[in-house]
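Q: got a sequence here, can you model it:
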Amino acid sequence: MNTSRLLRWKSLVGWSAFAATLYVAFRIIEIDKLLAATKEATATTLALIVASFVLMRIAQAYALKTSLSISQNRISSFGALDLIGTKGLFNLGMSGAGVLAQGARAKEEFGIPYRNFAAAALTETLSMIFVLGALLTALATFGAIEAWRATAIALGSGAALAPILLLSIWHYYPKLTRNYIPFINRHNAPLGTGENVAIKLATLATLQLVFILTRVARFGLIALTLDASIPSSQIVTALVIGDFATLVPLTPGGVGIRELTIGAIGNSFGTADILLAAAIIDRLVSVALNTAHGAVTVSTRGLMNYFADRGSR
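A: I've put the predicted structure just below:
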């Protein structure tokens, strides 16, 4: 299957999942109540939502910068922000071409080979799996998940340990994987050959945690605006499991799948209407902010060039 056909199928799945989300939402959400709640949003709430997006973008940029340094590639912070904005914009419209556009721009503007960028992206993904697995295990261990606690602990622990095992194998035994993963070979493994790999991986995991917490903050602000009585443990659990469900990129940005998963988790808590509504609003906010950021980064100037020119004056 060629790339264009894969993207068409991914787009179709994305639109289908989004349509299913809206169908479920209209069945269980009281629209009048939802509209009344959204009108109560204050300027402070909106400012905090935008601030959480900015912090999330900064965490993403430094995570990308760190993963690229692991595979022996350097990029500025503003350059990393440009690449993050490019991915977000090209995932809009549910085309699913965000990573491809990001890789192409990394190659064209920053001279980063496709193999190195793919290796860095894979390292980022494995780091995210580790952090989400650890969070899911912690939530289950400390009582945020009661109904299927043992299953959550087993799933979370397995997800947290798997990346450690895989990264260790790729780093110390590259011959075992170079014939199975096309963009990995002896001289270009995800962990590269640089020093302080463990420190960089710990930094990457910390940045991924910050990224998740900023998403929790944004989602939580929206959910609490709709219903101030909803427990924070439900908000965190629903978002973590929702992000967990989108690790396999079946749809662009996990659209539809993330919202339906959050709604399903909310149903187990008895708050499906609030959490699903919050997830849909959160998606719309994300689209708006991604559009604004992406429009700047794919312009002829871009953030990196803009600030470089200002600094040279």
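Q: ranges for the helices of this protein?
A: Remark: helices assigned in the chain by DSSP state H are 3-28, 31-38, 43-70, 77-90, 98-110, 114-141, 149-172, 197-226, 232-245, 257-269, 272-297, 302-312.
Q: mind listing what's buried in stretch 72-91?
A: Buried residues in stretch 72-91, counted by 16 or more other C-beta atoms under 10 Å: 73, 75, 78-91. C-beta coordinates here come from the backbone N, C-alpha and C atoms, glycine included.
Q: export it to CSV, keeping only CA atoms.
A: Taking C-alpha atoms only, stretch 72-91 is exported to CSV below (Å, rounded to 0.1, in the frame of the first residue of the first chain):
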residue,chain,number,x,y,z
GLN,A,72,23.3,13.0,16.9
ASN,A,73,21.4,15.9,15.3
ARG,A,74,21.3,19.5,16.5
ILE,A,75,18.4,21.9,16.2
SER,A,76,17.5,25.2,17.8
SER,A,77,14.6,25.6,20.2
PHE,A,78,12.7,27.8,17.7
GLY,A,79,13.5,25.3,14.9
ALA,A,80,12.0,22.6,17.0
LEU,A,81,8.9,24.8,17.6
ASP,A,82,8.6,25.2,13.9
LEU,A,83,8.6,21.5,13.3
ILE,A,84,6.0,20.9,16.1
GLY,A,85,3.8,23.5,14.5
THR,A,86,4.2,22.0,11.1
LYS,A,87,3.0,18.6,12.4
GLY,A,88,0.0,20.1,14.2
LEU,A,89,-1.1,22.0,11.1
PHE,A,90,-0.8,19.2,8.6
ASN,A,91,-2.7,16.9,11.0
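Q: quick one on the thing from earlier: of all the helices of the chain, which one is nearest Thr251?
A: Proximity to Thr251 (C-beta to C-beta) singles out helix 3-28 among these, at 3.7 Å.
Q: ok, Gly270 to Val236 distance?
A: 17 Å (C-beta to C-beta, to the nearest Å).
Q: compare those two (neighbour count), which wins?
A: Val236 (19 against 9; other C-beta atoms under 10 Å).
Q: these two touch, right, that one and Leu139?
A: Yes - if you go by C-beta atoms under 8 Å, Val236 and Leu139 touch, sitting 6.7 Å apart.
Q: could I get the contacting residues of Ile49?
A: By C-beta atoms under 8 Å, 6 or more residues apart in numbering, the residues touching Ile49 are Arg218, Leu221, Ile222, Val285.
Q: what does Leu209 give?
A: Counting by C-beta under 8 Å, 6+ apart, Leu209 touches Val131, Leu135.
Q: put the buried members of the contacts of Ile49 into a ChimeraX selection.
A: Restricted to buried positions by 16+ other C-beta under 10 Å, the ChimeraX selection for these reads:
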select :218,221,222,285
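Q: so how many other residues sit close to Arg149?
A: For Arg149, the count of nearby residues is 14 (other C-beta under 10 Å).
Q: how much space separates the closest residue to it other than its chain neighbours from Ser233?
A: Sequence neighbours aside, Ala140 is the residue nearest to Arg149 in space, at 5.0 Å (criterion: C-beta to C-beta, 6 or more residues apart in numbering). From Ala140 over to Ser233 the distance is 11 Å, taken as C-beta to C-beta.
Q: of the two, who's got more company?
A: Set Ala140 next to Ser233 and count neighbours by other C-beta under 10 Å: Ala140 wins out with 22 against 14.
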